[in-house]
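[1] what would the 3D arrangement of this be:
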Amino acid sequence: MTRTRSFAAALTGVLAMAVVTAPAAAAGPSLAWGPCTEPGLERYQCAIAGVPLDHAHPDGPELGLSVVRQPAKDPARRIGTLFLAVGGPGGSGVDSAKGRELARGELADRFDVVTFDQRGIGRSGQVHCFASAGEQEDFWAEARIPPANREEERAAEDFSRAYARTCAEHGGELLDHLTTADAARDLDWLREAVGDEQLTYSGGSYASYLGEVYGAMFPGRVRALQLISMMDPEGYTNRTTATLLERSAGTEDVLREFGRLCDSAGPRCAISGNALGRNAAVLERLEQGPILVGGTYPVQYRDLVPIQASLLYETQYGWPAFAHLVHELERGEQGNPAVVAEILGGMAFRLDFLDSYVSITCADVRVPPVPGVWPRVGEAFEAVSPHYGRSWWYQVQPCASWPPSPQRYTGPWRLHSATPALLINNRHDPVTPLSYAEKARHLLGNAHLLVVEGHGHTPTGPCVDEARTRYLVDLQLPSTTTCETPTQPFPPA
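    As a prediction, the model looks like this:
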């Protein structure tokens, strides 16, 4: 991750939940739904799920999970509840519901659609690694991720150790219960609370991993698992370094595709004509020091690299923005600082997102327990993906100093549900490459992989929508293994 400049939308913590004392044992899980009052959520029903902080001690302290429901529009034909989860880890399901419908068409007719903030995120007991917001901001402002030189590598190691210490100091009991296995048990609690005998679930990116863990832990309770932008569960959990190296190769693949299609687009792409060479030249300049855009706006290496990787996620806004950003940095003192500020600011991560991302990731993954090896191992990442490989690798450096989580799920991953899972992945994905999906299909065994001939992190288009709908409603798998998308990068005006 970066400092304040990073991925995702802001989360408002209006309903932030904390660990509370457990009430007397009830007959079973239940949810008291009521109108949502938070701005942007008025169309929905809201509830707080009191799940055990530690599922091994169900009568102990509880954690409040914030849950949102869009009731089925055709109650007479209602199938049950469709649970939607978002990626990260660190993304807010509740925020994803703001100002839009959670589902449309037949899915909205036939299902109550429910999303939630996962434990440790947003309104569901946001994990805290600092004593105050000011301390948090000051700390992340000093992050050197990814490092541009040997001095910054040493600073990154110190940062990673300090970050693990401050999270251990301020994270409380919750920090010991943030694995995806804990989240899967929460999801099973929610399934029971809505009265469904089996789970119907859709999730992408990290949320595909939550689905994989749930399916492995509770195979008899799965109705349908529809997973998008796949994680390789075995690699992510048990061979994290190799899997991040594979991710880096995927980022480089998409970068090459960006360069090819940018050059083909001519004036529709701001750096057409040796796009990759021009981008590399800008990055090499930044390794020597900041570029002052328009004489007023400094951009450093660590500001740009993670943002560029994030811009590769999405072709319609992200790819053109990537090109405009490089173009303005090329111009340097003659560049337009407003353009650069808008792009970088628009990709800013909420700092609480970063704390959730690192805390949940480090609870799940397995990396060398020696932060000092990061520069040497980083050379292999550099060879696979100059610049972007190190960005992925240094995001998990704090995990080297993280205490192990005994309740993390480590396999096996075979899915023994009656209905195979439906896996969907773009052919060119910068963060969850197609190789992840192919490995997931093999590990789950009971799964069908649909490959979308497209670019970016989220498969889209009528073919994808139809495949998802028929699977979730009718438990019908696609008759094919490939799918076209109508969305192409740099379309004609």
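
[2] could you pull out the strands in the stretch 151-300 of the chain for me?
    199-204, 222-228, 291-293, 297-299 (DSSP state E, counting those that start in this stretch).

[3] wait, which of those is closest to Gly120?
    In terms of Cβ to Cβ, the element of the strands of the stretch 151-300 of the chain nearest to Gly120 is strand 199-204, at 16.4 Å. C-betas here are computed from N, CA, C, even on glycine.

[4] circling back to that earlier point, now render the strands of the stretch 151-300 of the chain as TSV, adding mean pLDDT.
    Listed next are the strands of the stretch 151-300 of the chain as TSV, based on pLDDT from 0 to 100:
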stretch	mean pLDDT
strand 199-204	98
strand 222-228	98
strand 291-293	97
strand 297-299	96
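
[5] can you lay out those as JSON lines showing distance to Thr410 and mean neighbour count?
    Putting the strands of the stretch 151-300 of the chain into JSON lines (distance: least, Cβ to Cβ, whole Å; neighbours: other Cβ atoms under 10 Å) gives the following:
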{"stretch": "strand 199-204", "distance to Thr410": "20", "mean neighbour count": "25"}
{"stretch": "strand 222-228", "distance to Thr410": "19", "mean neighbour count": "24"}
{"stretch": "strand 291-293", "distance to Thr410": "44", "mean neighbour count": "20"}
{"stretch": "strand 297-299", "distance to Thr410": "41", "mean neighbour count": "18"}
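
[6] redo those strands as TSV? Include distance to Gly318.
    What follows is the strands of the stretch 151-300 of the chain, written out as TSV (distance: least, Cβ to Cβ, whole Å):
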stretch	distance to Gly318
strand 199-204	16
strand 222-228	18
strand 291-293	20
strand 297-299	18
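
[7] those strands: which one's closest to Arg350?
    strand 199-204 (19.5 Å).

[8] just the CA atoms of that closest one, as CSV, please.
    What follows is the C-alpha trace of strand 199-204 in CSV, where atoms were taken according to Å, rounded to 0.1, in the frame of the first residue of the first chain:
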residue,chain,number,x,y,z
LEU,A,199,-25.8,-19.8,1.5
THR,A,200,-26.2,-18.0,-1.9
TYR,A,201,-23.1,-15.8,-2.3
SER,A,202,-21.4,-13.5,-4.7
GLY,A,203,-18.0,-11.8,-4.1
GLY,A,204,-15.0,-10.6,-6.1
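
[9] where does the stretch 1-150 of the chain have low pLDDT?
    Filtered on pLDDT under 70, the stretch 1-150 of the chain yields the residue ranges 1-27.

[10] what of the stretch 351-493 of the chain?
    Those would be none, if you go by pLDDT under 70 across the stretch 351-493 of the chain.

[11] 90 - rerun?
    387, 485-488, 491-493 (pLDDT under 90).

[12] what about the strands in it?
    Under DSSP E, counting those that start in this stretch, the stretch 351-493 of the chain gives strands at 421-428, 447-455, 482-484.

[13] with distance to Arg408 and mean neighbour count as extra columns, can I get the ones you listed in JSON lines?
    Listed next are the strands of the stretch 351-493 of the chain as JSON lines, based on distance: least, Cβ to Cβ, whole Å; neighbours: other Cβ under 10 Å:
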{"stretch": "strand 421-428", "distance to Arg408": "21", "mean neighbour count": "25"}
{"stretch": "strand 447-455", "distance to Arg408": "22", "mean neighbour count": "21"}
{"stretch": "strand 482-484", "distance to Arg408": "34", "mean neighbour count": "15"}
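
[14] now tabulate those strands in CSV and tack on distance to Pro290.
    Output for these, formatted as CSV (distance: least, Cβ to Cβ, whole Å):
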stretch, distance to Pro290
strand 421-428, 31
strand 447-455, 31
strand 482-484, 43
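
[15] out of those strands, the one nearest Phe490 is which?
    Once those are compared by Cβ to Cβ, strand 447-455 is nearest, at 10.8 Å.

[16] how far away is Ala224 from Ala49?
    Distance from Ala224 to Ala49, counting by Cβ to Cβ, to the nearest Å: 21 Å.

[17] number of residues surrounding Thr251?
    Thr251 has 23 neighbours, counted by other Cβ atoms under 10 Å.

[18] contacts only, for the residue nearest to the spatial centre of the chain.
    For the chain, Gly88 is the residue whose C-alpha lies nearest the centre (Cα atoms, centre = their mean; 2.2 Å). For Gly88, the contacting residues are 8, 121, 205-206, 353, 356-357, 360, by Cβ atoms under 8 Å, 6 or more residues apart in numbering.

[19] just Gly389 next, same as before
    Gly389 is in contact with 245, 248, 251-252, 378, 380-383, counting by Cβ under 8 Å, 6+ apart.

[20] again, 10 Å this time
    146, 244-245, 247-249, 251-252, 309, 378-383 (Cβ atoms under 10 Å, 6 or more residues apart in numbering).

[21] go on, Ala280?
    255, 259, 274, 326, 386-387.

[22] gap between the nearest residue to Ala72 once chain neighbours are set aside and Cys46?
    Nearest non-adjacent residue to Ala72, counting by Cβ to Cβ, 6 or more residues apart in numbering: Arg78, 4.2 Å away. For Arg78, the distance to Cys46 (Cβ to Cβ) stands at 20 Å.

[23] higher neighbour count, those two?
    Each of Arg78 and Cys46 has its neighbours counted (other Cβ under 10 Å); Cys46 has more, 21 against 14.

[24] would the more buried one count as being in a strand?
    Yes. Secondary structure of Cys46 (DSSP: H, G, I helix; E, B strand; the rest coil): part of a strand.

[25] is it correct that it is in contact with Val94?
    Yes. In this structure, Cys46 is within contact of Val94 by Cβ atoms under 10 Å, at 8.4 Å.

[26] now do the contacts for the residue nearest to Leu227 when sequence neighbours are not counted.
    Spatial nearest neighbour of Leu227, chain neighbours left out: Ser208 (4.0 Å); criterion: Cβ to Cβ, 6+ apart. Residues near Ser208 by Cβ under 10 Å, 6+ apart: 85, 87, 201-202, 225-233, 421, 423-425, 432, 436-437, 440.

[27] make it 7 Å
    227-231 (Cβ atoms under 7 Å, 6 or more residues apart in numbering).

[28] check whether the residue nearest to the centre of the chain sits in a helix, strand or coil.
    coil.

[29] which SSE is the closest residue to Met347 other than its chain neighbours in?
    Residue nearest to Met347 in three dimensions, not counting chain neighbours: Ile307, with 5.0 Å by Cβ to Cβ, 6+ apart. Using DSSP states H and E, Ile307 maps to helix 301-311.

[30] that helix: what's the following helix or strand?
    Per DSSP H and E, the first helix or strand lying C-terminal to helix 301-311 is helix 318-331.

[31] got a list of contacts for that next one?
    Counting by Cβ under 7 Å, 6+ apart, 258, 262, 269-271, 278-279, 282, 291, 293, 299, 308, 311-312, 335-336, 339-340, 343, 489-490 sit against helix 318-331.

[32] mind checking which of those residues are buried?
    Among the contacts of helix 318-331, those buried by neighbour count (16 or more other Cβ atoms under 10 Å) are 258, 262, 269-271, 278-279, 282, 291, 293, 299, 308, 311-312, 335, 339-340, 343, 489-490.
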